[in-house]
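Trainee: Structure for the following, please:
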Amino acid sequence: MSYFDAASSHPLHPVARQALLASLDDGWADPARLYREGRKARLLLDAAREAAAEAVGCRVDELVFTSSGTRAVHTGIAGALAGRRRVGRHLIVSAVEHSSVLHSAEALVAEGGSSTEVPVDRTGAVSVEAYADSLRSDTALACLQSANHEVGTVQPVAEVAEACRAVGVPLLVDAAQSLGWGPVEGAWSLLTASAHKWGGPAGVGLLVVRKGARFAPQGPVDERESGRAPGFENIPAVVAAAASLRAVRAEAAQEALRLRELTERIRTRVPRLVPGVDVVGDPVRRLPGIVTFSCLYVDGETLLHELDRAGFAVSSGSSCTSSTLTPSHVLKAMGVLSEGNVRVSLPLGATEEDVERFLAVLPDAVAGVREKLGAQAPVTVVEENTLVVDALGKRCPIPVIELAKVIGDVPIGATIRVLSDDEAARLDIPAWCDMRDQEYIGEEEGPAYLVRRLT
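Mentor: Below you'll find the model as predicted:
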């Protein structure tokens, strides 16, 4: 099996495994105690904190360990909002943040606060100007990921941080995907990360609150981790997380060059090998190991199963792999195709041979899925010189397949109305028009989607 889903969780780094096993004997005691076993545990915890702080580029007393990256995000946002409650209760996030950030924004709104979602362009990047324009006199906190978890696009964190600093607003950076590759530059105020993203053990997160940032821990008072992360520290896991972060940083520059070449090979060759593919994300400002593409007329879940049978573990932001049958919020915000979405995220040490084998397997896998999903002849009717395609009750990617089947049956300039109650159609039909050089007119009540044939 070739594991190509490192953006979800990276395999445990060998250094992390060694550190975890070695610290089990000395890291079990309470580090707050003064007897020998407690002192040994404290030394391990302090050394891990120093190593992690050095990697982040912060002071040792600014960093605490949490039980996960999600917990770090929730704690960081809640504490920063509470610390600046006299300023206001307005939060700024980007439209492509991790769900942990968006859920925190939803919770704030439910409690009577307000939130602004900054849009992104088709590569998934925010505009610094749009962030600056969203800043208000009552803005308590702004959030921005360092790099996107689904498409790999790197965000202009330093520039956004400077715009926030100019008006006295702290910026929280979710650095989960990028911290293993290098420190986050800029005048950010808070930072979160998750160890399992760089090869550390699951269950360890980082929360950094820089000196000068107003922060009020929420919940019952606890003496551990400066009161910001309650509960007994998992010292062996923390030690393993810090050791693996140091290890991956040591090899990051060389490995980044190698993985970037491999992902560029995928970005370049997949559209040549498979017709009807849209490669998404910024082609230049992106993480080294992530490449994402969407395939027309393909059910994402079926394609992932086919690739799994062929020996490849990949992920997807496709609506067809979600129990709610709603498109990925990242792909939706970008306005790109969601059907048949595949995210390849290469782990450290991924080989050229594995990538070549993936490229050899993919065309047949996509063709096989397309053949299985070939929709029956669409139900059509002509209304007022408009061809109506009835795709009600049919799920992604069938509405787009049926649209593609009939587009050639109408004259150039004619319109097609696609009736579809599938949430993904709202994203995929405009994206299909963009890929196929047809005109998307808009959405009507029904719901119905109007398309004009141009070619």
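Trainee: Spatially, what comes nearest to residue 209 if we skip its sequence neighbours?
Mentor: residue 215 (4.9 Å; CB to CB, 6 or more residues apart in numbering). Yep, even glycine has a C-beta here, placed from its N, CA and C like the rest.
Trainee: shouldn't residue 211 be in contact with residue 63?
Mentor: No - counting by CB atoms under 8 Å, residue 211 stays clear of residue 63, with 11.6 Å between them.
Trainee: Who has more neighbours out of these two?
Mentor: Set side by side, residue 211 and residue 63 show more neighbours around residue 63, with 25 against 9, by other CB atoms under 10 Å.
Trainee: which residues does that one contact?
Mentor: 49, 52, 53, 56, 206, 207, 208 (CB atoms under 8 Å, 6 or more residues apart in numbering).
Trainee: Keep only those of these that are in strands.
Mentor: If you go by DSSP state E, these have 206, 207, 208 in strands.
Trainee: Show me what the second one bridges to in the sheet.
Mentor: For residue 207, the beta-bridge partners under DSSP bridges are residue 64, residue 192.
Trainee: Residues in contact with stretch 85-95: which ones?
Mentor: Against stretch 85-95 from outside (CB under 8 Å, 6+ apart): 77, 81, 101-102, 104-105, 108, 111-120, 126, 131, 134-145, 155, 169, 216, 329, 333.
Trainee: ok, residue 386 to residue 149 distance?
Mentor: Between residue 386 and residue 149 the computed distance is 41 Å (CB to CB, to the nearest Å).
Trainee: domains of this structure?
Mentor: Listed domain ranges for the chain are 9-249, 252-373, 379-452 (source: automatic domain parsing).
Trainee: ok, back up a step: quick check: ChimeraX command selecting the buried ones in the contacts of stretch 85-95.
Mentor: Here is the ChimeraX command that selects the buried residues among the contacts of stretch 85-95 (16 or more other CB atoms under 10 Å):
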select :77,81,101,102,104,105,108,113,114,115,116,117,118,120,126,131,134,135,139,140,141,142,143,144,145,155,169,329,333
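Trainee: among the contacts of stretch 85-95, which are in strands?
Mentor: Per DSSP E, the subset of these in strands is 114, 115, 116, 117, 118, 139, 140, 141, 142, 143, 144, 145.
Trainee: Which pLDDT value belongs to the fourth one?
Mentor: Okay, so that is residue 117. In this prediction, residue 117 carries a pLDDT score of 98.
Trainee: center of the protein - which residue?
Mentor: Per CA atoms, centre = their mean, the C-alpha nearest to the average position across the chain is that of residue 149, at 2.3 Å.
Trainee: Which residue is the nearest non-sequential neighbour of that one?
Mentor: Closest residue in space to residue 149, ignoring its immediate chain neighbours: residue 177 at 5.2 Å, by CB to CB, 6+ apart.
Trainee: Please tell me how far the one you found sits from residue 118.
Mentor: For residue 177, the distance to residue 118 - CB to CB - is 19 Å.
Trainee: got it, and residue 214?
Mentor: Plainly put, residue 214 is 23 Å away from residue 118 if you go by CB to CB.
Trainee: now swap in residue 104 and tell me
Mentor: Distance, residue 104 to residue 118, using CB to CB: 15 Å.
Trainee: With just CA atoms, put stretch 149-158 into PDB.
Mentor: The C-alpha coordinates for stretch 149-158 follow below in PDB (Å, rounded to 0.1, in the frame of the first residue of the first chain):
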ATOM      1  CA  HIS A 149      -5.200  21.500   4.200                       C
ATOM      2  CA  GLU A 150      -7.100  20.400   1.100                       C
ATOM      3  CA  VAL A 151      -5.300  22.100  -1.900                       C
ATOM      4  CA  GLY A 152      -2.000  23.100  -0.400                       C
ATOM      5  CA  THR A 153      -2.200  26.800  -1.200                       C
ATOM      6  CA  VAL A 154       0.100  29.000   1.000                       C
ATOM      7  CA  GLN A 155      -1.500  32.100   2.400                       C
ATOM      8  CA  PRO A 156       0.100  35.600   2.700                       C
ATOM      9  CA  VAL A 157       0.300  35.400   6.500                       C
ATOM     10  CA  ALA A 158       3.100  37.900   7.000                       C
END
